[in-house]
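In: A predicted structure for the sequence below; I have some questions about it.
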Amino acid sequence: MRPPTDYEGSERMPAEATEVDPRAPAMMICARLAGHAVIRVVGRCEDAQENSQLDLSECQLMQVPDAVYHLMRHTELKSCDLSGNVITKIPPKFAVKFSLITDLNLSNNQMARLPDELCTLACLQRLDISHNTFVALPGIACQCPSLHTLLAHHNQIIEVDVDRLARSRALEYVDLSDNPIPPRMHQELKQLSRPAVSVTEREKEDWEEDLLL
């Protein structure tokens with residue numbers, strides 16, 4: 001007579017089916033972090049509905065979520081802080097949804113360009129794009145009618161339309177320090193009387209020193 005088994009009358013499950021996915025703990029942690037990020041964003045949107053200042057800094061954002069536009073649809077934002085995320089681009093609709101914004105902080109992200117639509121932000125006075133990956137100063141610098149302060153330090157900027165910058169009526173201060181600006185352009189920027197432009201003092205190359213000897 002065959003001795004009874006522990007699972008008499010039922011089929012044994014394959015050993016593979018009972019194994020735990022080694023990625024499960026990491027996936028749970030990621031899901032938990034994502035959940036916390038969503039809660040943080042919603043909470044800050046609710047705060048902005050009261051004070052018209054949207055602070056989405058350090059929220060692990062790769063883009064501005066569509067839910068933000070929905071939550072803020074009845075709020076006239078005055079400022080928006082998107083710093084300290086991993087955002088690579090701002091969508092054109094940002095300018096449409098937040099058309100009355102006066103202060104925009106995009107620092108410490110991974111952006112290399114801005115949409116042309118931001119030029120329609122007629123009330124924008126201060127823009128911070130520092131600590132990104134721009135190689136050219138965005139056209140918005142000379143096109144926003146009310147923009148008086150532009151912070152663009154710590155980028156990779158090598159292209160600046162100096163003549164256009166000089167013709168800007170609103171710009172008062174531009175920070176271009178800690179950018180690899182070419183020598184000739186560096187000199188032209190230093191000679192501008194308006195707007196005031198901050199550039200990092202550059203060290204002369206060896207060949208330039210030789211010319212002085």
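Out: Cool, got the structure.
In: is it true that Ser83 touches Leu104?
Out: No: with contact defined as CB atoms under 8 Å, Ser83 does not reach Leu104; the gap is 10.0 Å. All C-beta spots, glycine's among them, are computed from the backbone N, C-alpha and C.
In: Which of the two has more residues huddled nearby?
Out: Leu104 (26 against 19; other CB atoms under 10 Å).
In: picking that back up, overlap in contacts of Ser83 and Leu104?
Out: Asp128 (CB atoms under 8 Å, 6 or more residues apart in numbering).
In: how long is stretch 140-160 from one end to the other?
Out: Across stretch 140-160, the terminal residues are separated by 12 Å (CA to CA, to the nearest Å).
In: centre of the chain versus that stretch, how much separation?
Out: Stretch 140-160 has its C-alpha centroid displaced from the chain centroid by 14 Å (CA atoms, centre = their mean, to the nearest Å).
In: For it, which residues meet the burial criterion?
Out: Using 16 or more other CB atoms under 10 Å as the test for burial, stretch 140-160 gives 140-144, 147-155, 157, 160.
In: who's in contact with Asp116?
Out: Going by CB under 8 Å, 6+ apart, the list of residues near Asp116 reads 92, 139.
In: pLDDT at it, what is it?
Out: What the model reports for Asp116 is a pLDDT of 93.
In: Please determine how far it is located from Val68.
Out: Using CB to CB, to the nearest Å, Asp116 is found at 21 Å from Val68.
In: beta partners of Leu104?
Out: Cys80, Leu127 (DSSP bridges).
In: What pLDDT is listed against it?
Out: Per-residue pLDDT puts Leu104 at 98.
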